[in-house]
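J.: Got a predicted model here, sequence first, then my questions.
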Amino acid sequence: MATASSFAAVFISSAIASCFAEVCTIPLDTAKVRLQLQKKTAAGPAGTVGMLGTMMSIAREEGVTALWKGIIPGFHRQCLYGGLRVGLYEPVKALFVFVGDATLMNKILAALTTGVIAIAVANPTDLVKVRLQADGKSTAVKRHYSGALNAYATIVRQEGIGALWTGLGPNMARNALINAAELASYDQFKQVPLHSPSSFDPVFNYTFITFFFVCRCF
């Protein structure tokens, strides 16, 4: 089982990696949120211009920085969700192993569990991030939050503290499955080059492991 110091190291490194990934990918995430909020007309979805068209429209009408709306709660989310889902993985996996080495099923169960725990803690940050991303010039309902902390406070004041966990059910299902697909596969596949060094050259070994490490940060 991982020690307290190793948990802290994994938590911090995972949180930092996840925050870096957030900076790189949030423009795509913002475009996704705006596209999801588009209303349909009789002729079809209104104003559908695709992902790149949506990003260009946001940059033109609201400024390039609008593509990074929600980055602060995004950092909050990645520090909590990214840190917990990876940091808790090894300790939780050890709980599912009674005899011998961890099987693929042990790894999947551990990843599902840590995905659920992590998003249960981080759901308020996810909610605030999406609301800030959705609040654009062309959005029908504008909440006019001045920032992440103002959004947290306003939601609690106007809707109650329970509103911060709106959408928790589907969020738990989504993130548990994503976490299982990423972490369990990473953990399983990395043992192939590590346990069979004669079958792979060193460059491939490190490239293979790095690829799965990067994948699990998203």
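T.: On my side now, so go ahead.

J.: Now do the helices in the protein.
T.: 4-36, 50-62, 71-77, 83-87, 89-96, 104-134, 148-159, 168-179, 185-189, 191-195, 202-216 (DSSP state H).

J.: Tell me which of those helices is the most buried.
T.: For the helices of the chain, the largest average neighbour count (mean count of other Cβ atoms under 10 Å) is found in helix 83-87, namely a mean of 25. The C-beta positions use only the backbone N, C-alpha and C, and glycine is treated the same way.

J.: Looking at that one now, give me its mean pLDDT.
T.: Average pLDDT, helix 83-87: 94.

J.: Next: stretch 127-134.
T.: 94.

J.: Ok, stretch 185-204 next?
T.: 65.

J.: Stretch 56-73 too?
T.: 93.

J.: And that stretch, end to end?
T.: 23 Å (Cα to Cα, to the nearest Å).

J.: okay but residue 85 is in contact with residue 178, surely?
T.: No - shown here, residue 85 and residue 178 do not form a contact pair, counting by Cβ atoms under 8 Å, at 9.1 Å.

J.: Find residues that contact each of the two.
T.: Counting by Cβ atoms under 8 Å, 6 or more residues apart in numbering, the contacts common to residue 85 and residue 178 are residue 115.

J.: Can you report how many residues neighbour the nearest residue to residue 121 once chain neighbours are set aside?
T.: With Cβ to Cβ, 6 or more residues apart in numbering as the criterion, residue 121 has its nearest non-adjacent residue at 5.4 Å, and that residue is residue 80. Number of residues near residue 80 (other Cβ atoms under 10 Å) recorded here: 21.

J.: do you know how far residue 80 is from residue 12?
T.: 12 Å (Cβ to Cβ, to the nearest Å).

J.: try residue 190
T.: For residue 190, the distance to residue 12 (Cβ to Cβ) stands at 21 Å.

J.: Then residue 158?
T.: From residue 158 to residue 12 the distance is 34 Å (Cβ to Cβ).

J.: Same check on residue 145?
T.: 29 Å.

J.: Residue 59 too?
T.: 33 Å.

J.: same question, residue 173
T.: Residue 173 is 28 Å from residue 12, by Cβ to Cβ.

J.: and what of residue 20?
T.: For residue 20, the distance to residue 12 - Cβ to Cβ - is 13 Å.

J.: what's the answer for residue 33, then?
T.: Taking Cβ to Cβ as the measure, residue 33 and residue 12 are separated by 28 Å.

J.: Likewise for residue 135?
T.: 31 Å.

J.: Same question for residue 54.
T.: In terms of Cβ to Cβ, residue 54 sits 34 Å off from residue 12.

J.: what do you get for residue 78?
T.: On the measure of Cβ to Cβ, residue 78 and residue 12 end up 12 Å apart.

J.: next one: residue 184
T.: Distance from residue 184 to residue 12, by Cβ to Cβ: 22 Å.

J.: cool, and residue 93?
T.: 20 Å.

J.: just residue 27 next, same as before
T.: Taking Cβ to Cβ, one finds residue 27 at 26 Å from residue 12.

J.: what's the answer for residue 96, then?
T.: 25 Å.

J.: Please apply the same query to residue 67.
T.: From residue 67 to residue 12 the distance is 27 Å (Cβ to Cβ).

J.: now swap in residue 6 and tell me
T.: In terms of Cβ to Cβ, residue 6 sits 11 Å off from residue 12.
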